[in-house]
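>>> Fold the following and give me the result.
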Amino acid sequence: IKISMMGIDHLEIAESLFVHAIQEKKIKKRERISTMKRYYRKIKYFILLDIILYGVSVLSTAYMSILLIRFIDRGYQSEFMKIIFLYAFAIGIHLLTAYLCNLLQWVYGNRFRLLLSEDYFTSVIQQQPTDFYSKPAQYYTEFHTQDLKAIEADYLMPMLSILKCIMTLLINFLVLKIYIQEWILFVVMFLALVSLLIPKITAKSLAKRRDQAIEQMKKFQLYNQDLLRGYNWINNRTKAAFQKENRKQIDEQLEKDFRYGKCKSAALVMNAGANMMIILVAIILVGIELKNGRMSFGVASSLMMNIATFVDPFAEITYCINALHTASTLKDRFLHFVNNHQTPLIKQKATSGNQITMEHIDYQIGTYQLKIEELIFEKGKKYLIVGENGAGKSTLMKLLVAALMPTGGSILVDGQPLSKTDRLLKARLGYLPQDFGLFDELTVTQFLDYMAALKGIANPKAAIQKTIQAVNLEEKAKSKIRTLSGGQRQRVGIAQALLG
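Below is the predicted model:
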């Protein structure tokens with residue numbers, strides 16, 4: 001009896017865990033969808049206008065098909081000039097709306113990428129330092145510049161393209177069925193619909209090959225960067241080894257690109273073959289109808305000239321489905337990163353900064369560990385931190401300025417946790433680390449103006465002028481930082497620490 005009861009309990013537990021897992025998966029899926037919807041909503045009016053104009057463009061081409069039927073069947077006898085005028089007018093409408101649609105796509109495409117870029121950058125800078133430094137800076141810049149553009153080109157645009165293709169099919173079907181028997185149109189559309197199965201065959205393999213090619217490209221760029229850092233070590237003895245290793249990396253990249261290109265070529269050929277078969281079937285059906293006298297030459301000509309209006313949308317849909325599959329990995333990676341790192345900024349309470357207290361601090365990364373039982377810094381006093389190499393002096397300073405967060409213990413500013421006052425603290429903080437970065441293409445004044453904006457200084461112009469005088473850089477105030485000597489760059493670092 002005990003065994004059976006235990007079995008029931010275990011089954012109930014397993015069932016509840018299974019249900020919980022399904023519910024959690026659905027919640028996460030809704031979160032991902034709602035996150036993407038947030039971006040779509042901000043460009044919805046541009047998209048709506050684009051779809052309306054596209055509908056007008058499709059109607060104009062469908063009207064041209066009707067004019068063609070009228071012209072071939074009877075128009076050349078009585079309505080020649082009228083049909084020519086209307087045809088030219090329809091062409092003008094089509095070209096104008098096509099231009100406006102392309103222009104709108106550039107507008108909302110760039111807007112969409114800007115929204116992704118802003119959220120991605122915000123998420124990057126809101127990471128904990130340990131998370132941020134777990135990846136090289138080049139990883140963030142490549143995702144920022146390349147992958148976000150790929151999401152816009154291979155995810156947003158294909159989704160809208162599928163919608164437009166469906167609109168094209170519906171409009172042309174409703175217009176052409178006035179002259180062409182519906183069963184012929186249904187047969188053509190059914191065959192085109194069957195061709196949609198092709199992306200299911202190739203999508204998974206295509207997405208896998210593309211991801212491999214992208215990852216190999218990133219790996220190659222990172223490796224190349226590391227290799228060129230050793231430029232000073234290149235000489236006659238090492239040159240051959242450097243070239244051999246570089247060639248090896250290039251060969252690996254080309255192999256991944258070729259495998260992706262081969263898979264993509266096969267998918268395109270399969271799509272093209274399916275489309276040609278549809279055209280062949282349409283030719284046979286039209287021939288039968290003409291032979292039996294159930295179709296005029298005008299209708300037959302119009303159908304053959306407009307067969308692409310049924311085949312091309314399905315071909316475009318197959319291509320877009322493949323693109324959506326290949327870009328879904330990038331989209332999910334972006335959403336996962338944004339959802340996990342983007343938190344709303346909480347209003348922080350100002351402190352006087354009279355006392356900073358460190359209690360039971362434990363900071364650990366890898367095999368390195370720093371422990372501090374208690375340490376108090378009081379306002380108005382000067383402190384000298386002394387220790388051997390690797391003792392933790394730099395780590396201690398980074399903890400004090402919230403560049404690192406402790407894995408245990410607490411840092412208090414006037415009794416408030418540092419995590420709740422770090423932004424206000426950084427606005428009033430002067431800190432010059434051992435290694436610091438400068439923007440080489442900015443002038444000294446521009447760089448200090450940027451730092452003053454980050455600190456929220458009320459009167460930056462006066463503060464910058466005073467600081468430049470303090471470090472004796474008046475003559476270099478308008479010089480680009482890349483032109484400064486090593487000592488002058490150090491003085492720029494001191495200047496930014498003194499600001500505010």
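
>>> Give the closest residue to D211 in space, chain neighbours not counted.
Of all residues beyond its chain neighbours, the one nearest D211 is T329 (5.6 Å), with distances taken as C-beta to C-beta, 6 or more residues apart in numbering. Where you see a C-beta, it was placed from the backbone N, CA and C, and this is true even at glycine.

>>> same question, S410
Nearest in space to S410, with sequence neighbours left out and distances taken as C-beta to C-beta, 6+ apart, is E359 at 5.3 Å.

>>> same deal with F334?
I151 (6.3 Å).

>>> Can you report how many residues neighbour the one you found?
Neighbours of I151 under the rule other C-beta atoms under 10 Å: 23.

>>> just checking, it touches K331?
Yes. In this structure, I151 is within contact of K331 by C-beta atoms under 8 Å, at 5.5 Å.

>>> just checking, what packs against the longest helix seen in the chain?
Of all the segments of type helix in the chain, defined by DSSP state H, the longest one is helix 239-291. Packing partners of helix 239-291 (3 or more C-beta pairs under 8 Å, 6 or more residues apart in numbering; DSSP states H and E): helix 182-194, helix 197-229, helix 297-305, helix 308-341.

>>> Please produce TSV containing those helices, extended by distance to T407, mean neighbour count and mean pLDDT.
Putting the helices and strands packed on helix 239-291 into TSV (distance: least, C-beta to C-beta, whole Å; neighbours: other C-beta atoms under 10 Å; pLDDT from 0 to 100) gives the following:
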stretch	distance to T407	mean neighbour count	mean pLDDT
helix 182-194	58	16	75
helix 197-229	28	16	73
helix 297-305	71	18	73
helix 308-341	18	19	79
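
>>> Export those to TSV and append columns for distance to Q434.
Conversion of these to TSV gives the following (distance: least, C-beta to C-beta, whole Å):
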stretch	distance to Q434
helix 182-194	66
helix 197-229	19
helix 297-305	73
helix 308-341	27
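
>>> Which one, of the ones you listed, ends up nearest to C263?
Closest of these to C263 is helix 197-229, at 4.7 Å (criterion: C-beta to C-beta).

>>> Report the angle between the closest one and helix 239-291.
Counting by axes from the mean of the first three to the mean of the last three C-alpha atoms, to 10 degrees, helix 197-229 points 160 degrees away from the direction of helix 239-291.

>>> What is helix 197-229 packed up against?
helix 137-142, helix 239-291, helix 308-341.

>>> for those, which one sits closest to K461?
Nearest to K461 among the helices and strands packed on helix 197-229 is helix 137-142 (31.4 Å), distances taken as C-beta to C-beta.

>>> Past the closest one, which element shows up next along the chain?
Once the chain leaves helix 137-142, the next helix or strand it forms, by DSSP states H and E, is helix 148-151.

>>> residues in contact with that next one?
Residues external to helix 148-151 that are found in contact with it (C-beta atoms under 8 Å, 6 or more residues apart in numbering): 113, 116-117, 120, 327, 330-331, 334.

>>> And these, which is closest to K476?
S117 (33.4 Å).

>>> For R259, give its distance to K248.
17 Å (C-beta to C-beta, to the nearest Å).

>>> Who has more neighbours out of these two?
Shown here are R259 and K248; by other C-beta under 10 Å, R259 has more neighbours (17 against 11).

>>> just checking, the more buried one touches R209?
Yes. Under the criterion of C-beta under 8 Å, R259 makes contact with R209 at 5.3 Å.

>>> right, and the helices and strands packed on helix 239-291 - which one's nearest S479?
Closest approach to S479 among the helices and strands packed on helix 239-291 (C-beta to C-beta): helix 197-229, 26.9 Å.

>>> Pretty sure I171 sits in a helix.
Yes. According to DSSP: H, G, I helix; E, B strand; the rest coil, the state of I171 is that of a helix.

>>> Does it touch G55 like I think?
Yes. Shown here, I171 and G55 form a contact pair, counting by C-beta under 8 Å, at 7.0 Å.

>>> tell me the contacts of the residue lying closest to L104 once chain neighbours are set aside?
Of all residues not flanking L104 in the chain, D50 sits nearest, at 4.3 Å (C-beta to C-beta, 6+ apart). With C-beta under 8 Å, 6+ apart as the criterion, the residues that contact D50 are 101, 104-105, 108, 160.

>>> Now do D50 against Y99, distance only.
Taken as C-beta to C-beta, the spacing of D50 relative to Y99 amounts to 12 Å.

>>> Tell me the pLDDT of the residue nearest the centre of the chain.
Per C-alpha atoms, centre = their mean, the C-alpha nearest to the average position across the chain is that of L148, at 2.0 Å. According to the model's per-residue confidence, L148 sits at a pLDDT of 84.

>>> now the angle between helix 182-194 and the longest helix of the chain, please.
Computed by the same axes, to 10 degrees, the angle between helix 239-291 and helix 182-194 is 160 degrees.

>>> any idea of the mean pLDDT in helix 239-291?
On average, the pLDDT along helix 239-291 is 80.

>>> Run the angle between it and helix 297-305 for me.
If you take the same axes, to 10 degrees, helix 239-291 sits at 160 degrees to helix 297-305.

>>> elements contacting the helix or strand containing Y363?
The secondary structure element spanning Y363 is strand 355-365 (assigned by DSSP H and E). Taking 3+ C-beta pairs under 8 Å, 6+ apart as the contact definition, the neighbouring helices and strands of strand 355-365 are strand 368-378, helix 393-400, strand 408-413.

>>> Right, I'll call it a day here.
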